[in-house]
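Chemist: I need the structure of the sequence given here:
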Amino acid sequence: MSDNRNTILAVILSGLVLIAWQYFYNVPQMEKQRAEAQRQSELQKSTPQAAPGQGQTSAAPSPTDGTPAQPGASTAVAPVISRETALAANPRVKIDTPRLTGSISLKGARIDDIALVQYRETVDPHSPPIVLFSPSQTAAPYYAEFGWVPSTGSTARLPDQTTMWQQEGSGALTPTSPVTLKYDNGEGLTFRRTISIDDRYLFNIKDEVSNAGNAPVTLYPFGLISRHGTPQVSGYYILHEGLIGYLGDKGLQEYAYKKIDDAKKETFDVTNGWLGMTDKYWASALLPDTNAKLKVQYSSKAVGTSHNYQTDYLLEPQTIAVGATATANGRLFAGAKEASVVGINFPLVGFGGYTKQLGLNHFDLLIDWGWFYFITKPMFLGLDWFFHLFGNFGVSILLVTVIVKLLFFPLANKSYASMAKMKSVQPQLQALKERYPDDRVKQQQEMMEIYKKEKINPIAGCLPVALQIPVFFSLYKVLFVTIEMRHAPFFGWIKDLSAPDPTNLFTLFGLIPFDPTTIPVFGHYLWLGIWPIIMGITMWFQMKLNPAPPDPTQKIIFDWMPLIFTFMLAGFPAGLVIYWAWNNTLSVLQQSFIMRKNGVKVELFDNLKSMFQKKSVTTETKKAT
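Modeler: You can find the predicted model right below:
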């Protein structure tokens, strides 16, 4: 087995993985996201007359059979109204914090209006803020609700989504000023709800029921998150978007929207759990007391051509004697999945966040770190540490790449040293082929003797590529799922490291006012930015560092591989392409040093010179003929 054969095999296999990823996932999803972004933009500009299921409301869990009920009190179809019209329809309590703005509807006491003021729809700081929650009857209702449900056979009148609450006092909900809402059912039960919020994304809800009636009443506290209509998701296999929760000893329970559509309903009896819904960067989650016994339900209900989704929990019943008061506490997370806020559970290092502050059960898994979290989390922690040191995630990527190189330096040194020895014995191997031209078995036997004598590992050439692949994918995961990388700028034209390089060779970098990606069939390949070109050049130099393979087929593969990778990586996040280009540069320097140290000639300049000499000779030959 020769060094060239193993290196080529490793490069081809990694190339096939990237080609498959680009073709089956990256390109189609970029197309889908672009089309959906355009559709959503047009939808926001207009006010549609009606949409399936938007008139449906959530339903509180029911204790009748010991499990929460499916969402939906009715299947009525109501007209879709604008967000502004929906917000103006009922009196509201304003939410005003450094990170959140919005309001709580006094009708139903729902938390149904939240915008994340620190995050914008685009890199333009003046673009609209990200809207998380929206009221019923808007284009995409999404809200949280808390309350009580009666025991079986009870006729007590309880507040629901149509109840009009009264605010005690006045003023907005801020981190320093909670609000209290009140409802009297006229039958002896008085309900009070005190809502407080911190300076991040956590709501605390304290529900109290005072019984001034003639008989005890048994009630069940509940919390729910409801979302109407199937949300638009990224559609990537490596990212979960949908219903999520860590449900005690049942562990992480993730249901994509399609999966819960098929299952209709899933119920769990758990202790020490949390549950909610997650998007790529944003999430909402119910965080009941860690000691509470919960009846949890994930559910989906078809309404017209769409579905309504709900995650809810039901606590154990409380019997309220005459003259007594019962209390139930709930918590709601609604915001951005910032690692420092959510928390990172990792040995020795990591952020505490809500995971540590509230003693939550693996709340850090709200961020989809993936199966290889043991690589992904340290990768993020390193990037974030350097970011706080230098203020730029691009610089962090460069520095983390250097650290990764240093960590693998001993192993890479052995690999490159073995490659250098392989090159030094090439004349002996070539002599074997000439001595035993028709005896492949004898060639292999003699070759292995040479390897043994010179202490050469014939598969060492695969290690540099093999080591780079897990680092590549872990960095891809970090760039893709962590909100810290969203809209993170580098230098120059790179304003978002999590997005592809915005420049394009095929428009002469903006001089031609035409989008070649709109061309049918192959248009999505006509996007080639400056950084992918730089990456291709560094990879080309790395290939030219080694002697040209004697086999013409192998030589063609080596010659075309940098160009193929250049086009493949053009649609990947710019941060990943910058990493690959920088890693190639460091590899060239490292391999050149080791080759010189082992007395092997560095072929880079000779290869480049011979390539241009061949072109010159070919040109002169054509002119002579």
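
Chemist: Where does pLDDT dip in the stretch 251-400 of the chain?
Modeler: 348-350 (pLDDT under 70).

Chemist: Now do the strands in the stretch 101-250 of the chain.
Modeler: In the stretch 101-250 of the chain, the strands defined using DSSP state E, counting those that start in this stretch lie at 111-120, 129-133, 142-150, 166-168, 179-184, 189-197, 202-211, 217-228, 242-247.

Chemist: can you put the ones you listed in CSV and add distance to D384, mean neighbour count and mean pLDDT?
Modeler: Every residue, glycine included, has its C-beta placed from N, CA and C. Shown next, in CSV, are the strands of the stretch 101-250 of the chain (distance: least, Cβ to Cβ, whole Å; neighbours: other Cβ atoms under 10 Å; pLDDT from 0 to 100):
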stretch, distance to D384, mean neighbour count, mean pLDDT
strand 111-120, 17, 21, 96
strand 129-133, 21, 19, 96
strand 142-150, 29, 24, 96
strand 166-168, 40, 13, 95
strand 179-184, 35, 18, 97
strand 189-197, 26, 20, 97
strand 202-211, 21, 20, 97
strand 217-228, 29, 25, 96
strand 242-247, 23, 24, 96
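
Chemist: Of all the ones you listed, which one comes closest to L406?
Modeler: For those, proximity to L406 was assessed by Cβ to Cβ; strand 111-120 is nearest, at 34.9 Å.

Chemist: Which residues does that closest one contact?
Modeler: With Cβ atoms under 8 Å, 6 or more residues apart in numbering as the contact definition, strand 111-120 has outside contacts at 87, 92, 95, 98-105, 126-136, 141-145, 195, 203, 281-282, 332, 334-336, 483, 486-487.

Chemist: Off-centre distance for it?
Modeler: On the basis of Cα atoms, centre = their mean, to the nearest Å, the separation between the geometric centre of strand 111-120 and that of its chain is 19 Å.

Chemist: hmm, back to that, quick one: closest of the strands of the stretch 101-250 of the chain to L576.
Modeler: strand 111-120 (21.9 Å).

Chemist: by how many degrees do that closest one and strand 217-228 diverge?
Modeler: Following axes from the mean of the first three to the mean of the last three Cα atoms, to 10 degrees, one obtains 40 degrees for the angle between strand 111-120 and strand 217-228.

Chemist: For the spatially closest residue to K264 that is not a sequence neighbour, give the beta-bridge partners.
Modeler: If you skip the residues right next to it in sequence, K264 has S300 as its closest partner in space, 6.1 Å away by Cβ to Cβ, 6 or more residues apart in numbering. Beta-bridge partners for S300, by DSSP bridges, are Y309.

Chemist: Excluding chain neighbours, give the residue nearest to the most centrally placed residue in the chain in space.
Modeler: Here the mean C-alpha position of the chain is nearest to the C-alpha of V481 (Cα atoms, centre = their mean), at a distance of 2.2 Å. Nearest-residue entry for V481: D368, 5.3 Å, with adjacent residues in sequence omitted and distances by Cβ to Cβ, 6+ apart.

Chemist: Contact partners for that neighbour?
Modeler: Applying Cβ under 8 Å, 6+ apart to D368 gives the contacts I238, L239, H240, T278, V481.

Chemist: for A339, same thing?
Modeler: F351, G353, D364, I367, F380, D384, T482, E484.

Chemist: for the stretch 301-450 of the chain, what spans make up the strands?
Modeler: All strands of the stretch 301-450 of the chain, identified by DSSP E, counting those that start in this stretch, fall at 306-314, 318-320, 325-336.

Chemist: For the longest one, what is the distance to the chain centroid?
Modeler: Its chain's C-alpha centre lies 26 Å from the corresponding centre of strand 325-336 when counted by Cα atoms, centre = their mean.

Chemist: gap between G153 and M561?
Modeler: With distances defined as Cβ to Cβ, to the nearest Å, the gap from G153 to M561 amounts to 74 Å.

Chemist: ok, now P125?
Modeler: When Cβ to Cβ is the yardstick, P125 and M561 sit 41 Å from each other.

Chemist: Neighbour count for these two, which is higher?
Modeler: Between P125 and M561, counted using other Cβ atoms under 10 Å, the more crowded position is M561 (20 against 7).

Chemist: Convert the host helix or strand of that one to PDB, retaining C-alpha atoms only.
Modeler: Using DSSP states H and E, M561 maps to helix 552-569. Included here for helix 552-569 are C-alpha records, laid out as PDB according to Å, rounded to 0.1, in the frame of the first residue of the first chain:
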ATOM      1  CA  PRO A 552      -2.000   9.700 -14.600                       C
ATOM      2  CA  THR A 553      -5.400   9.000 -13.000                       C
ATOM      3  CA  GLN A 554      -4.100   9.900  -9.500                       C
ATOM      4  CA  LYS A 555      -2.600  13.000 -10.900                       C
ATOM      5  CA  ILE A 556      -5.900  14.100 -12.400                       C
ATOM      6  CA  ILE A 557      -7.600  13.600  -9.100                       C
ATOM      7  CA  PHE A 558      -5.000  15.700  -7.300                       C
ATOM      8  CA  ASP A 559      -5.200  18.400  -9.900                       C
ATOM      9  CA  TRP A 560      -9.000  18.700  -9.800                       C
ATOM     10  CA  MET A 561      -9.600  18.200  -6.100                       C
ATOM     11  CA  PRO A 562      -8.900  21.900  -5.100                       C
ATOM     12  CA  LEU A 563     -11.300  23.100  -7.700                       C
ATOM     13  CA  ILE A 564     -14.000  20.700  -6.700                       C
ATOM     14  CA  PHE A 565     -13.700  21.600  -3.000                       C
ATOM     15  CA  THR A 566     -13.800  25.300  -3.900                       C
ATOM     16  CA  PHE A 567     -17.200  25.000  -5.400                       C
ATOM     17  CA  MET A 568     -18.500  22.600  -2.800                       C
ATOM     18  CA  LEU A 569     -17.500  24.900   0.100                       C
END
